[in-house]
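Q: this is a predicted model, with the sequence first.
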Amino acid sequence: MKKKLVGGTAFALVASLCAAHAASAQTAPVQAQTSPAEPDSVAEIIVTGVLSQASLGKSAVAVSVLRAEDLERVAPLSAADLLKSVPGVFVNSALGEIRNIVYSRGVSANSVEAAGGYYYVSLQEDGLPVTNVTFTNYGPDYFLRPDVGLGRLEALRGGTATVTGPNAPGGIFNYISRTGGSEFEGEVRAKIGAEGKGGNPYYRGDAYVSGPIGDRLRYSLGGFYRKSTGARDPGYALNRGGQIKGNLTYDYGAGKIQIFGKYLNDHNGWFEFLPARDFNNPKVVSELGGDTSLLPEATSHSFTPYAGAKTRTWDGDKLAHAKAKAIGARIDHDFGDGWSLSNALRLSRNELDWNSGGVIFALPIADPVLAAFLGTTASGLYTYRDRKTGAILAQVNRVGAAATVVTNNLPNQSVMANSVVSEAALFYNPKVDEVMDQISVTRKFERGAFTFGGFYAKSDVSTVIGGAGIGVAPLQDRPRNLDITLTTPGGVVQQVTDPNGYGSIGNRVSATLTRTKQVQASLFAGGNWDVTDKITVDAAVRYEKITNRGSNWTSVALASQTPGGTDGNVNTLYDNVQQGLGPPVSYDRDLNFTSYSAAATYRWSDAQTTYVRVSHGKKAPDLSFYATLTTAAAVANSPSIAQDLLQVEMGHRLTLDRLTLTVNPFYSRLENVGAVQVFNRADGTSYNPPPVFATQETYGVEIDGELKVTNALSVQLQATLQEPKSKDFAVWIANTPGEADDVLTRVPDGEADNSAKIMTSLTGLYRPSDRWNLFATWRYLGERAANRYNTFYLPGFSQVDVGGQWQINDRVQLSGNINNLLDGKGVMSWASAGGLLASLDRQAFTPARLAANPDQTLNILTIQPRSYYLTLAVKF
């Protein structure tokens, strides 16, 4: 019944609009013929989702455009935040400025984790990807920051993304920069803010200048610097840094040549999960509160990721340090007689240097996995002290595998018995050098156009992952790692942690190296043809070949250890174990596939069009898959398989004097969704159980409209109603070593996890004069299945943002924004509790586990707390 309701409502709405317009055309043909100039949306040119630039109003694509005035009005936390007003697009920015999650139209099977939040979509700057590769904890939003130099944003959902984007069938989001004009202009913005319950400070400055250099040359230059504590104060700046970017454009008559460049240097952190109660309506436990920060202290210490590597320094407030350097060029040339050429080239180096916390969860102090990581598995009495006061907060007596808490003076034990917070010191250093080029040739003729071209990208990737140790801290706001000692059964006192509270520095789980070269080469062709004055058809095809060649190195135990570790003291346990690297495991994979998209459009008039589109594309595995090929068995038995995505959509666009409305019913089916598992035999060799592939499908409708109620008041609506389903998911369970007793556990078919049935955004804009305006935006995100088992549901919630602008004079403007006015606590993500491994695997949290202990705690991430911003802009 629900399926019929969603689909029937969507198509009935489109049909009624068509019928209404048809009736209008029959009764008032003269008015239709003598209407004024084309509506703005018909004349507006877009460059995203089309093979050559085209009119938005006449294109059979689901593209939303955010213009300069839209961008100025809001106070986005991140680049992804700007997409929250685009129908069909899910955005999770609960972590902060980076590590966001973005997907569209329910195509989300591998993008529900922050470690891979852009799996199916492409974030682009000026028509080329910010980066052409993604892998675990590496993606485009580390290197993309909106600033005053952003001119517009074009957002494509599904459809032609299969043929106009590189391996990104879920959507393309194109951040388009401002360029210089014929007259000098500039702008300076100063922004201050108070974020979160504590009113934590936010400071930002943007600057932009542009203009002519002679008759034919134009320049544009801008950038920003920002420093903020974050909405939950960790004791240091959570975000600090900025960027500078610009372009030079030369108009030589028959075309334009543009040179562009960017340098970004930014430090960013993110919020971690907080313990919560009540699976029906999860809320952060009252003992802590939603403004609590569990991030690690700003301490530093030396470590060596693996034997033979250079010694590095882990510094807690260095956070994720992102550096991006990019330079490129673009040429658009008109040969005449309908022929034109466009070519864009980009060279970039993106690097991340993580010095951050990770695996931060509330868990029992005697958790066996935590003990293994920390090196507290030996028998004896473990004493946990406050590093500042020396007070004993806990003692654990261990005899073999049995551990007993004998002293507990830890805070907030009502949250979880014998609980502490795990604080892993993560080091991660990916470097990606890339060259990308896209060329296209277009031939326009009287009733259409044809375009053919190609895309090439080469990515040289190297990563080092190292554990700089792990500690435990009290469960409280801004915790300090505890000092841990071991009194052996023989009475010897040994130091488990270093002076900063970190143990197992150099442990066996710490080191992984990867070296990968990915080459992606694409050929595409397509065109559109006006069959009649009313009917247009378009079609395009894209051939993709992706080659991945690389090697992986993983940690192995050294045959011999240096007695006493790096300091020579056998009683300082934190540095006594050093791991080496095993031999490289190499792979060489090629994957090629073809995608297509085709549509037919009927123009009722210049103000109204209807189209139907069918698209079929593939999604190749990203580099995270190749990083799992760490054994010869994995290389031999884990094939590279592309996911298959079928999309069908209909679009109806209506543009009247006071109303613009777009309705897009859609259907998407994602197949070949699987995961690689690696098990061991009794002899220590590895094997991969047969892969199990699943399907996810979504059908729904998107609505995007604006109604000008009066000359001063307008209302904008973006809404998505959808039914996301998943089926055939399963997981292998390894019992004793070897294949004989492996068990395949089926996950019942149900709703796709982390995919809401309802997403809405409603904005009222009041502009009584050119001097000032006020707006309010109400957003609603419906409930979402917490995992593939549908064990429980994250509840739906609302958020209200308000703001206003005052044009003091022709050059000076004052803006104010309040994000999350009502300080809502909507839950965006979760993890189970009770142990370290349990917290890392939400898909294994079954209904039976919840039924066995319905009052257990869980961990949640909520939307950003209420924040206030004031911006002064001066134009000159």
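A: Perfect, thanks for sending it. Residues are numbered from 1 along each chain as shown.
Q: residue ranges of the helices in the chain, please?
A: For the chain, the helices defined by DSSP state H cover 2-27, 29-33, 40-43, 68-73, 161-164, 368-374, 623-627, 632-637, 836-840, 847-852.
Q: list the contacts for Gln547?
A: Let me fix one detail, which is that residue 547 is Thr and not Gln. Lys517, Gln518, Val519, Gln520, Arg589, Asp590, Leu591 (Cβ atoms under 8 Å, 6 or more residues apart in numbering). To be clear about C-beta, it is placed using only N, CA and C from the backbone, and glycine gets the same treatment.
Q: contacting residues around stretch 705-722?
A: 6, 9-10, 64, 85-88, 105-106, 657-662, 698-704, 755-768.
Q: buried subset of those residues as a ChimeraX selection?
A: In ChimeraX syntax, the buried subset of the contacts of stretch 705-722 is picked out as below (16 or more other Cβ atoms under 10 Å):
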select :6,10,64,85,86,87,88,105,106,660,661,662,698,699,700,701,702,703,704,755,756,757,759,760,761,763,765,767
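Q: which of the contacts of stretch 705-722 fall in strands?
A: 64, 659-662, 698-704, 758-768 (DSSP state E).
Q: show me the contacts for the closest residue to Ile733 other than its chain neighbours.
A: Using Cβ to Cβ, 6 or more residues apart in numbering and skipping the chain neighbours, the partner closest in space to Ile733 is Val743 (4.6 Å). Contacts for Val743 were tallied using Cβ under 8 Å, 6+ apart; they are Trp732, Ile733, Asn735.
Q: what about the second one, how many residues nearby?
A: Counted with other Cβ atoms under 10 Å, the neighbours of Ile733 add up to 13.
Q: surely it and Asp741 touch.
A: No: counting by Cβ atoms under 8 Å, Ile733 sits too far from Asp741 to count as a contact (9.2 Å).
Q: so in terms of bridging, what pairs with Lys431?
A: When assigned by DSSP bridges, Lys431 has beta-bridge partners Glu351, Ser462.
Q: can you flag the weakest of the helices of the chain by average pLDDT?
A: In terms of average pLDDT, helix 29-33 trails the rest of the helices of the chain, at a mean of 32.
Q: name the nearest residue to Ser798, ignoring sequence neighbours.
A: Counting by Cβ to Cβ, 6+ apart, the residue nearest Ser798 is Tyr780, at 5.0 Å.
Q: before we move on, what about Phe775?
A: Closest to Phe775 by Cβ to Cβ, 6+ apart is Leu765, at 4.6 Å.
Q: distance check, the one you found against Gln608.
A: Leu765 sits 24 Å away from Gln608, going by Cβ to Cβ, to the nearest Å.
Q: cool, and Gln53?
A: Taking Cβ to Cβ, one finds Gln53 at 22 Å from Gln608.
Q: out of these two, which sits in the more crowded spot?
A: Neighbours per residue, other Cβ under 10 Å: of Gln53 and Gln608, the larger number sits with Gln608, 24 against 14.
Q: confidence score at the more buried one?
A: On the pLDDT scale, Gln608 gets 94.
Q: tell me how far it lies from Gly57.
A: For Gln608, the distance to Gly57 - Cβ to Cβ - is 9 Å.
Q: with Ala155 instead?
A: 16 Å.
Q: one more: Phe273?
A: 45 Å.
Q: just Thr572 next, same as before
A: 71 Å.
Q: more crowded one of those two?
A: Higher neighbour count among Thr572 and Gly57: Gly57, with 22 against 18, using other Cβ under 10 Å.
Q: quick one: that one and Trp604, what's the gap?
A: Distance from Gly57 to Trp604, by Cβ to Cβ: 12 Å.
Q: overlap of the contact sets of Gln608 and Gly57?
A: Counting by Cβ under 8 Å, 6+ apart, the contacts common to Gln608 and Gly57 are Arg653, Thr655.
Q: burial count for Phe452?
A: 17.
Q: again, but for Val493
A: 12.
Q: pretty sure it sits against Thr572.
A: No: applying Cβ under 8 Å, one finds Val493 not in contact with Thr572, separated by 11.0 Å.
Q: ok, Thr601 touching Thr536?
A: Yes: counting by Cβ under 8 Å, Thr601 touches Thr536, with 4.5 Å between them.
Q: which neighbours do these two share?
A: With Cβ under 8 Å, 6+ apart, Thr601 and Thr536 have common neighbours Lys58, Ala60.
Q: mind listing the strands for the stretch 201-350 of the chain?
A: Using DSSP state E, counting those that start in this stretch, the strands of the stretch 201-350 of the chain run over residues 217-228, 239-251, 255-268, 274-277, 283-284, 300-303, 312-315, 319-336, 339-358.
Q: coming back round to it: of the contacts of Val743, closest to Val692?
A: Closest approach to Val692 among the contacts of Val743 (Cβ to Cβ): Trp732, at 7.4 Å.
Q: how close does the closest one sit to Pro691?
A: 9 Å.
Q: list the residues that contact Leu319.
A: By Cβ under 8 Å, 6+ apart, the contact set of Leu319 is Leu238, His267, Asn268, Gly269, Trp354, Asn355, Ser356.
Q: just the residues you listed now: which is nearest Leu581?
A: Trp354 (19.4 Å).
Q: is it true that Val731 touches Thr846?
A: No: judged on Cβ under 8 Å, Val731 makes no contact with Thr846 at a distance of 10.7 Å.
Q: just want to know which of the two has more residues nearby.
A: Val731 (17 against 14).
Q: for the more buried one, which non-adjacent residue is closest in space?
A: Thr745 (5.4 Å).
Q: can you report how many residues lie near that neighbour?
A: By other Cβ under 10 Å, the burial measure for Thr745, its neighbour count, is 12.
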